[in-house]
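Enquirer: sequence and predicted structure below; questions after.
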Amino acid sequence: MTTWTIAGTLTVEPATERTDLLAEPVAKALTTLTDPDSVGVAEIDPELADTAEFCAAYSSPLSASANCVVVAGKRAGEVRYAAALVLATTRADVNGVIRRRLDVRKASFAPMDEAVELTGMAYGGITPIGLPEGWPILVDRAVAEEPELVIGSGVRGSKLLVTGDLLAGLPGAEVIADLARPVG
């Protein structure tokens with residue numbers, strides 16, 4: 001098992017041994033990864049799942065957290081979805097880079113109920129592992145280059161610990177420079 005320097009006060013276990021802490025689509029997708037044993041999971045208080053609260057409560061650096069957002073746009077009456085993975089210290093460039101990648105006139109965050117229904121994951125816990133087949137997973141280059149990251153697990157009661165390489169290698173993943181903009 002990997003020793004995670006970003007874990008703070010978390011107790012990290014192999015995700016393959018604690019699938020009870022994962023949303024069903026995440027647990028299923030875990031088995032298809034090249035090295036599923038490299039993924040860690042840590043149980044957390046669901047009330048502390050939002051990134052800033054999580055980092056403060058568990059002494060995990062904000063700079064090592066990545067957020068996954070579901071973006072939607074329409075073209076010729078067809079709704080196109082993608083997931084964008086950006087560092088928590090940045091914001092996804094939804095109406096620039098992502099809009100152009102989806103080839104739509106306007107892109108926006110998918111409505112919460114729609115994102116939850118389509119992914120089978122909890123809002124605030126959506127993760128790129130286990131997303132619907134065929135969705136592009138747009139990974140900011142800064143995320144792909146991180147040696148250790150904390151991401152959602154599909155539920156609000158746990159977090160996954162992964163590498164940027166693992167995320168960049170997911171089916172449908174595309175590493176994109178400047179996918180995110182600094183906050184502020």
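Expert: Nice, thanks for sending it over. Numbering: from 1, shown residues only.
Enquirer: if I look at the nearest residue to Asp93 once chain neighbours are set aside, what pLDDT would I see?
Expert: Nearest residue to Asp93, sequence neighbours excluded (Cβ to Cβ, 6 or more residues apart in numbering): Arg181, at 5.5 Å. Every C-beta, even on glycine, is put in place using the N, C-alpha and C of the backbone. Looking at Arg181, its pLDDT reads 92.
Enquirer: I'd assumed Arg181 was in a strand, is it?
Expert: Yes - under DSSP: H, G, I helix; E, B strand; the rest coil, Arg181 falls within a strand.
Enquirer: what are the ranges of the strands in this structure?
Expert: 12-14, 40-43, 66-75, 78-87, 90-92, 107-109, 137-140, 149-152, 158-162, 173-176, 180-182 (DSSP state E).
Enquirer: same list (the ones you listed) but as JSON lines, adding mean neighbour count and distance to Thr31.
Expert: Formatted as JSON lines, the strands of the chain follow (neighbours: other Cβ atoms under 10 Å; distance: least, Cβ to Cβ, whole Å):
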{"stretch": "strand 12-14", "mean neighbour count": "17", "distance to Thr31": "13"}
{"stretch": "strand 40-43", "mean neighbour count": "22", "distance to Thr31": "14"}
{"stretch": "strand 66-75", "mean neighbour count": "21", "distance to Thr31": "20"}
{"stretch": "strand 78-87", "mean neighbour count": "21", "distance to Thr31": "20"}
{"stretch": "strand 90-92", "mean neighbour count": "19", "distance to Thr31": "29"}
{"stretch": "strand 107-109", "mean neighbour count": "18", "distance to Thr31": "29"}
{"stretch": "strand 137-140", "mean neighbour count": "25", "distance to Thr31": "18"}
{"stretch": "strand 149-152", "mean neighbour count": "26", "distance to Thr31": "18"}
{"stretch": "strand 158-162", "mean neighbour count": "26", "distance to Thr31": "14"}
{"stretch": "strand 173-176", "mean neighbour count": "18", "distance to Thr31": "18"}
{"stretch": "strand 180-182", "mean neighbour count": "16", "distance to Thr31": "30"}
